[in-house]
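got a structure for you, letters missing:
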């Protein structure tokens, strides 16, 4: 075999070897692609990792409903005054805050009437401030027996047995005058343009029930009912909420 034949033979062998390597290499890469795709879809460990990631998301569909309800309750509590205020309104207690003005000492008086009033601090600052409202009462020398603030807290300002100066010049539907002598006055903090809170209505319901157990109450009236043309409170009062 001459040199030319040997060279041709080497070239042919090299060509054949290189082609086989190229074909094998391409098939190997393609094969790995197939294997990877297959493993990705069928490998149990890989599937578990994906599912775990989904389950670890901060909020699932079920949790979304729970969180929505929770947030609604929290927002409702914030809009209505919060959990503690709600407890105060549901089971109110009477806190003594007895004043030294606006009443006359008495004993053995017969109580058959409750008069509901509304008032607010008109001296400047917070219109719903209990302390400032008491200061206003003191300036005028008047006082109700009870005061219910915006949160539903009930304050006793004058003892039931005493005559509180709350009704002024007034007349009952049955013709009686001197209403302070046989009545109990309840003030609800409110302005002429605002509404009473649900807490106030609930506390008033409890207070009325408490007083009706102690006394034979024939009338529950508004200040405007006994001082027509002179007084127009309780302002914006919804009587259906206490019946």
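Right, received. Where do you want to start? Treat the numbers as computed from the prediction; the structure is a model and nothing was measured.

What is the burial count for residue 107?
Applying other C-beta atoms under 10 Å, we find 6 residues neighbouring residue 107. (Each C-beta comes from the backbone N, C-alpha and C, glycine too.)

Now it: closest residue in space, sequence neighbours ignored.
Spatially, and ignoring its direct neighbours in sequence, residue 107 is nearest to residue 161 (5.9 Å; C-beta to C-beta, 6 or more residues apart in numbering).

show me what contacts that neighbour?
By C-beta atoms under 8 Å, 6 or more residues apart in numbering, the residues touching residue 161 are 106-109.

Can you classify residue 208 by secondary structure?
Three-state call for residue 208 (DSSP: H, G, I helix; E, B strand; the rest coil): helix.

do the same with residue 213
helix.

rewinding a little: need the contacts of residue 161 in JSON lines with distance to residue 123 and secondary structure, can you?
As requested, the contacts of residue 161 are exported to JSON lines (distance: C-beta to C-beta, whole Å; DSSP: H, G, I helix; E, B strand; the rest coil):
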{"residue": "106", "distance to residue 123": "30", "secondary structure": "coil"}
{"residue": "107", "distance to residue 123": "34", "secondary structure": "coil"}
{"residue": "108", "distance to residue 123": "37", "secondary structure": "coil"}
{"residue": "109", "distance to residue 123": "32", "secondary structure": "coil"}
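
Residue 118 and residue 96, how far apart?
Residue 118 is 22 Å from residue 96, where distance means C-beta to C-beta, to the nearest Å.

So the two - more neighbours on which side?
Using other C-beta under 10 Å, the more surrounded residue of residue 118 and residue 96 is residue 118, with 25 against 8.

so that one is in which element?
strand 113-119 (DSSP states H and E).

now swap in residue 136 and tell me
Applying DSSP H and E, one finds residue 136 within helix 130-140.

Give the pairing partners of the helix or strand following that helix; include direction for each.
Note on helix 130-140: by DSSP H and E, the next helix or strand toward the C-terminus is strand 146-148. Under the criterion DSSP bridges, strand 146-148 sits next to strand 154-156 (antiparallel), strand 183-189 (parallel) in its sheet.

Which of these sits closest to residue 228?
Ranking the strands paired with strand 146-148 by their distance to residue 228 (criterion: C-beta to C-beta) puts strand 183-189 first, at 16.2 Å.
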